[in-house]
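> let's see this in three dimensions:
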Amino acid sequence: CLATLIIMLVGDTYTLINYVSFINYLCYGVTIIGLIVLRWKKPKIFRPIKVNLLVPATYLAFWAFLLIFSLYSEPVVCGVGLIIILTGVPVFFLGVYWRNKPKCVNRLIESMTCWGQKLCFVVYPQGGVAEED
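Here you go, the predicted structure:
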């Protein structure tokens, strides 16, 4: 989010759209790869919609062509898009992977979460807290 704000202040909107579109296409492809891996490793789990594996395989062939063409034609834009994605890695390690955090870090994360929920109008109704699995 911080990297996007900096890019918006420095660059133009067209470049930001290029960064985000590369990130979107990359995530779509990784999602389809995950679908194929799950169909192969866990074929018995419930799926509300099940398609022939030829459909995602065809999609991945076109996806790979477009991604390689994007990397070839605009390597700087793709590199910045990858850097934007990688800015989330420290957030993942601080918020999710690190289990035994000090209480002050947990309080900071909780207050930032509450602030973000209030900012985006997604605060849970009073009297109820979301159930965790």
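
> where does this structure dip in pLDDT?
1-4, 6-8, 10-11, 124-133 (pLDDT under 70).

> recalculate using a threshold of 50.
Low-confidence segments of the chain, defined by pLDDT under 50, are located at 133.

> for the longest helix that it contains, buried residues please.
Identified as the longest helix of the chain according to DSSP state H is helix 13-41. With burial defined by 16 or more other CB atoms under 10 Å, the residues of helix 13-41 counted as buried are 15-16, 18-19, 22-23, 25-26, 29, 32, 35. Where you see a C-beta, it was placed from the backbone N, CA and C, and this is true even at glycine.

> stretch 66-81 too?
Buried, per 16+ other CB under 10 Å, within stretch 66-81: 67, 70, 74, 77-78, 80-81.

> so Lys44, which state does it fall into?
Following DSSP: H, G, I helix; E, B strand; the rest coil, Lys44 is assigned to coil.

> that one and Leu38: what is the separation?
Relative to Leu38, Lys44 is positioned 11 Å away (CB to CB, to the nearest Å).

> please apply the same query to Val96.
Separation of Val96 from Leu38 (CB to CB): 21 Å.

> need the buried residues of helix 13-41 in a markdown table with distance to Phe62, can you?
Output for these, formatted as a markdown table (distance: CB to CB, whole Å):
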| residue | distance to Phe62 |
| --- | --- |
| Thr15 | 25 |
| Leu16 | 25 |
| Asn18 | 19 |
| Tyr19 | 21 |
| Phe22 | 15 |
| Ile23 | 18 |
| Tyr25 | 10 |
| Leu26 | 14 |
| Gly29 | 10 |
| Ile32 | 11 |
| Leu35 | 15 |
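
> cool, thanks, signing off.
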